[in-house]
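Participant: model the following, please.
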Amino acid sequence: MTSRIDYGNMMHRAMRSLISDVLAQVAVGGLPGAHNFFITFDTRAPGVGLSDWLRTRYPEEMTIVLQHWFEDLDVGPDGFAVTLNFGDHPERLEIPFDAIRTFVDPSVEFGLRFESNERDDDDEDADEAADEVDDDGPDDDGPGGGSRGDAEVVRLDRFRK
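Facilitator: Residues are numbered from 1 along each chain as shown. The predicted structure is shown next:
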């Protein structure tokens with residue numbers, strides 16, 4: 001049993017479950033009203049399926065838009081797949097939920113952002129040991145405290161026209 005509750009990872013799972021539910025609803029009934037999604041994901045993450053030319057063009061991160069033209073949205077327990085049009089060339093993308101960095105629906109000013117959690121167990125054990133020794137108060141990692149897997153709302157200004 002662990003010595004503390006991992007709220008960061010629990011929150012990430014809950015937010016990814018929300019994204020899964022939203023995409024599953026859209027897969028069945030289409031996008032309602034003016035809803036549209038900007039989804040940014042890590043193209044290097046395990047399980048990401050991209051054509052070679054897309055992987056070359058977007059070696060680290062890619063943002064897709066689900067709005068006017070998308071086909072065959074298929075949502076599974078670990079991710080989703082969708083066919084998008086790139087210059088009159090349809091491409092199938094497979095995106096695990098764990099690869100998502102941001103999910104934004106600008107039509108209702110809703111957004112989620114996932115901080116990367118690229119640490120191994122040794123780093124986590126060292127951090128836990130440091131937390132147990134350091135009783136000077138909360139870590140000063142910016143708003144909201146610790147930086148380990150924190151989630152925050154994305155500013156929508158960059159997506160506005």
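
Participant: can you give me the helices for the protein?
Facilitator: Assigned by DSSP state H, the helices in the chain fall at 7-29, 52-57, 121-133.

Participant: buried residues in the second one?
Facilitator: Within helix 52-57, the residues scored as buried using 16 or more other C-beta atoms under 10 Å are residue 54. C-betas here are computed from N, CA, C, even on glycine.

Participant: let me know the average pLDDT across it.
Facilitator: The pLDDT scores in helix 52-57 average 92.

Participant: other residues contacting that helix?
Facilitator: Contact with helix 52-57 is made by 43, 62, 86, 91, 93, as judged by C-beta atoms under 8 Å, 6 or more residues apart in numbering.

Participant: now do stretch 43-51
Facilitator: 41-42, 54-55, 58-62, 78-79, 81, 91-96, 98-99.

Participant: equivalent analysis for stretch 18-28, please.
Facilitator: Residues contacting stretch 18-28 (C-beta under 8 Å, 6+ apart): 35, 37, 66, 73, 74, 75, 77, 80, 97, 100, 103, 112.

Participant: now intersect the residues you listed with the strands, please.
Facilitator: 37, 66, 73, 74, 75, 80, 100, 103, 112 (DSSP state E).

Participant: now list the buried members of those.
Facilitator: The buried subset of those - by 16+ other C-beta under 10 Å - is 37, 66, 73, 75, 80, 100, 103, 112.

Participant: including distance to residue 22, could these go into a markdown table?
Facilitator: Compiled in a markdown table, those are given as follows (distance: C-beta to C-beta, whole Å):
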| residue | distance to residue 22 |
| --- | --- |
| 37 | 8 |
| 66 | 10 |
| 73 | 11 |
| 75 | 9 |
| 80 | 10 |
| 100 | 12 |
| 103 | 8 |
| 112 | 10 |
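
Participant: just name the closest of those to residue 7, please.
Facilitator: Within those, the smallest distance to residue 7 is 15.7 Å, found for residue 112 (C-beta to C-beta).

Participant: my guess is that closest one contacts residue 12, does it?
Facilitator: No - using C-beta atoms under 8 Å as the test, residue 112 is too far from residue 12 to be in contact (9.4 Å).

Participant: ok so, going back, the helices of the chain: lowest mean pLDDT?
Facilitator: helix 121-133 - the lowest mean pLDDT of the helices of the chain, at a mean of 40.

Participant: return the helix or strand in this protein with minimum mean pLDDT.
Facilitator: When each helix and strand of the chain is scored by mean pLDDT, DSSP states H and E, helix 121-133 comes last, with a mean of 40.
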